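**Q** Kindly return the folded structure for what I paste below:
(2 chains)
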There are 2 protein chains.
Amino acid sequence: MERHFHEELKGLKVKLLQMGIVVEEAIEKAVEALLERNEKLARDVIDEERIINQFEISVDDKGHGLLAIGQPMAVDLRFITAILKINNDLERMGDHAVNIAERALILMKEPPLKANLRLPEMAEASLKMLREALDSFINENVDLARNVLQRDDEVDAYNDKLYLQMEELIEEDPSLVKRGMNLVMIGHNLERIADLANNIAEDVIYMKEGKEVRHHADKD
Amino acid sequence: MERHFHEELKGLKVKLLQMGIVVEEAIEKAVEALLERNEKLARDVIDEERIINQFEISVDDKGHGLLAIGQPMAVDLRFITAILKINNDLERMGDHAVNIAERALILMKEPPLKANLRLPEMAEASLKMLREALDSFINENVDLARNVLQRDDEVDAYNDKLYLQMEELIEEDPSLVKRGMNLVMIGHNLERIADLANNIAEDVIYMKEGKEVRHHADKD
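**A** Sure, this is the predicted structure:
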């Protein structure tokens, strides 16, 4: 029973990581679809959302199953509840990838907007946070998780910049409003992905240290 | 032990409901601050975020504590994991209330925008979903939870309408861009609040029926 439990737990961890890879790819593809104006790629992201949703349901069911039958000890318990939370965060990231792909499809029908919006850099920063957050979970590496937390501000700064740039551009040329608002929402989606990577890093720290790092910015 | 466990569980449920009321009030206040251009009220919402965050940490700790010591049966287990999820959703709603309050502060510095944006109706629809979702949890009322799911489209429709209205208004008068973009983001926050109320309703159904209703729209 004990041995069986830990094998099941390992299997669950592997499943979560597979899901992480699928989500990472969805975000990459959505951004590529946007930058390359590739309709097929955008549609793939939208179609493949169901795969992510199936992963979520499966991880959730297995996690609850282990909680129910395993009567896990404190350390395993924290591991399982971390998996359930990360599962939720990954699924939400998948939603954001779909939203980016949907807006990419709208933008493809419009003329390209000539402006250096630094979306590739912003997307790369968000993706790096996701990769490192998952890595910190696999290797139970708290230092790496703390790195992720520190880099959230970078993505926020890109997003604030994008917002102001769009405000200016639209004010100068109101015919850009549709494109500008969609680009602002894409920036918002990338910023949310970074936030969710942040959540994962926080869960890793909580899992390893039992220490609460959420809302660290609230404390004054 | 058994009796103690169920008393603790009841206490946890009460705490979650207190948190729900605080979150509901935060959203109401944020919207009122926006509509009445009330700076004090907006600042209250921002200040009071820490109360919601403290609730989240406390519910989370107690929930994990019960999982660890209680060795709960399947039905209690589902109840506890539902609480942990709802806790998370409520905290995110609190974030959205803060975001609305922050944008209300920006908008107060601008002249009022004369347009019927139906924000009060949209806010009311989102709040009603939240109230009913919490109610369905308190009373373990699956029918009520299903009601909530059905009304998500209403809020989405308000939001789509707001988005298009803003696009048009800004195109006509580009000096409205700052106000328009902030109002679009407020609409987005309300729409997210409705989505999170939806999540709560789904968790109630899962808790009572063990039946998966997430991603119900995906299945074709």
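
**Q** ok now do residue A:51, which residues does it touch?
**A** Shown in contact with residue A:51 (CB atoms under 8 Å, 6 or more residues apart in numbering or on different chains): residue A:22. Bear in mind the C-beta positions are built from the backbone N, C-alpha and C, glycine included.

**Q** so which helix or strand takes in it?
**A** Using DSSP states H and E, residue A:51 falls within helix A:49-70.

**Q** buried set for the helix or strand following that helix?
**A** Counting by DSSP H and E, the next helix or strand C-terminal to helix A:49-70 is helix A:74-108. Applying a neighbour-count criterion of 16 or more other CB atoms under 10 Å in any protein chain shown, one finds A:76-105, A:107 buried in helix A:74-108.

**Q** what angle separates the one helix or strand in chain A whose mean pLDDT sits lowest from helix A:74-108?
**A** The weakest-scoring helix or strand in chain A, judged by mean pLDDT, DSSP states H and E, is helix A:49-70 (a mean of 90). Relative orientation of helix A:49-70 versus helix A:74-108 (axes from the mean of the first three to the mean of the last three CA atoms, to 10 degrees): 170 degrees.

**Q** Output helix A:49-70 as CSV, nothing but the C-alphas.
**A** Output of helix A:49-70 as CSV, limited to C-alpha atoms (Å, rounded to 0.1, in the frame of the first residue of the first chain):
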residue,chain,number,x,y,z
GLU,A,49,-7.5,23.6,-25.4
ARG,A,50,-9.6,20.4,-24.8
ILE,A,51,-6.3,18.5,-24.3
ILE,A,52,-5.4,20.8,-21.5
ASN,A,53,-8.8,20.5,-20.0
GLN,A,54,-8.7,16.8,-20.1
PHE,A,55,-5.3,16.9,-18.3
GLU,A,56,-6.8,19.1,-15.7
ILE,A,57,-9.7,16.8,-15.0
SER,A,58,-7.5,13.8,-14.9
VAL,A,59,-4.9,15.3,-12.5
ASP,A,60,-7.7,16.6,-10.3
ASP,A,61,-9.4,13.2,-10.1
LYS,A,62,-6.1,11.3,-9.4
GLY,A,63,-5.1,13.9,-6.8
HIS,A,64,-8.4,13.6,-5.0
GLY,A,65,-8.2,9.8,-5.3
LEU,A,66,-4.8,9.8,-3.6
LEU,A,67,-6.0,12.1,-0.8
ALA,A,68,-9.0,9.8,-0.2
ILE,A,69,-7.3,6.4,-0.2
GLY,A,70,-3.8,7.3,0.8
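
**Q** which intervals of chain A have sub-threshold pLDDT?
**A** In the predicted model, chain A carries pLDDT under 70 at residues A:1-2, A:70-72, A:211-220.

**Q** residues from it in reach of chain B?
**A** Counting by CB under 8 Å from any CB of the partner chain, chain A comes close to chain B at A:49-50, A:53, A:56-57, A:64, A:67-68, A:71, A:74, A:77-78, A:81, A:84-85, A:88, A:163, A:166-167, A:170-175, A:177-178, A:180-181, A:184-185, A:188, A:212, A:214-215, A:218.

**Q** In PyMOL, how would I select just the buried ones from the residues you listed?
**A** Applying 16+ other CB under 10 Å to the residues of chain A next to chain B leaves a buried subset, and the PyMOL line that selects it is:
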select buried, chain A and resi 49+53+56+64+67+68+77+78+81+84+85+88+163+166+167+170+171+174+177+178+180+181+184+185+188+214+215
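
**Q** Does residue A:195 lie in a helix or a strand, and which?
**A** Applying DSSP H and E, one finds residue A:195 within helix A:177-209.

**Q** And that helix, how far out from the chain middle?
**A** 6 Å (CA atoms, centre = their mean, to the nearest Å).

**Q** What of stretch A:64-74?
**A** Stretch A:64-74 sits 27 Å away from the centroid of its parent chain (CA atoms, centre = their mean).

**Q** Over to stretch A:77-87?
**A** With CA atoms, centre = their mean, you get 16 Å for stretch A:77-87.

**Q** and if you look at stretch A:27-38?
**A** The chain centroid and the centroid of stretch A:27-38 are separated by 16 Å under CA atoms, centre = their mean.

**Q** quick one: buried residues of it?
**A** Neighbour counts using 16+ other CB under 10 Å place A:27, A:28, A:29, A:30, A:31, A:32, A:33, A:34, A:37 of stretch A:27-38 among the buried residues.

**Q** Between those residues, which sits nearest chain B?
**A** Within the buried residues of stretch A:27-38, proximity to chain B (CB to the nearest CB) peaks at residue A:30, which comes in at 17.4 Å.

**Q** Test my guess that that closest one contacts residue A:97.
**A** Yes. The pair residue A:30 and residue A:97 qualifies as a contact (CB atoms under 8 Å) at a distance of 4.4 Å.

**Q** so what sits against both of the two?
**A** Joint contacts of residue A:30 and residue A:97 (CB under 8 Å, 6+ apart) are residue A:45.

**Q** who are the neighbours in contact with the closest residue to residue A:89 other than its chain neighbours?
**A** Of all residues not flanking residue A:89 in the chain, residue A:196 sits nearest, at 4.5 Å (CB to CB, 6 or more residues apart in numbering or on different chains). With contact set as CB under 8 Å, 6+ apart, residue A:196 has these partners: A:89, A:90, A:92, A:93, A:96, A:130.

**Q** can you rerun that using 6 Å?
**A** When contacts are counted by CB atoms under 6 Å, 6 or more residues apart in numbering or on different chains, residue A:196 touches A:89, A:92, A:93.

**Q** which residues does the first one contact?
**A** When you say that, I think you mean residue A:89. Taking CB under 6 Å, 6+ apart, we find residue A:89 in contact with A:196, A:199, A:200.

**Q** quick one: which of those residues is nearest to chain B?
**A** Proximity of those to chain B (CB to the nearest CB) peaks at residue A:199, which lies at 9.3 Å.

**Q** burial measure for the closest one, as a count.
**A** Using other CB atoms under 10 Å in any protein chain shown, residue A:199 has 18 neighbouring residues.

**Q** ok, now residue A:189?
**A** Residue A:189 has 25 neighbours, counted by other CB under 10 Å.

**Q** Give me the nearest residue to it, chain neighbours excluded.
**A** Nearest to residue A:189 is residue A:96, by CB to CB, 6+ apart, at 4.3 Å.

**Q** Surely the one you found touches residue A:193?
**A** Yes. Here residue A:96 reaches residue A:193: they are 5.2 Å apart, a contact under CB atoms under 6 Å.

**Q** which ones are touching residue A:26?
**A** By CB under 6 Å, 6+ apart, the residues touching residue A:26 are A:45, A:94, A:97.

**Q** can we see that at 8 Å?
**A** Residue A:26 neighbours (CB under 8 Å, 6+ apart): A:45, A:48, A:49, A:52, A:93, A:94, A:97, A:98.
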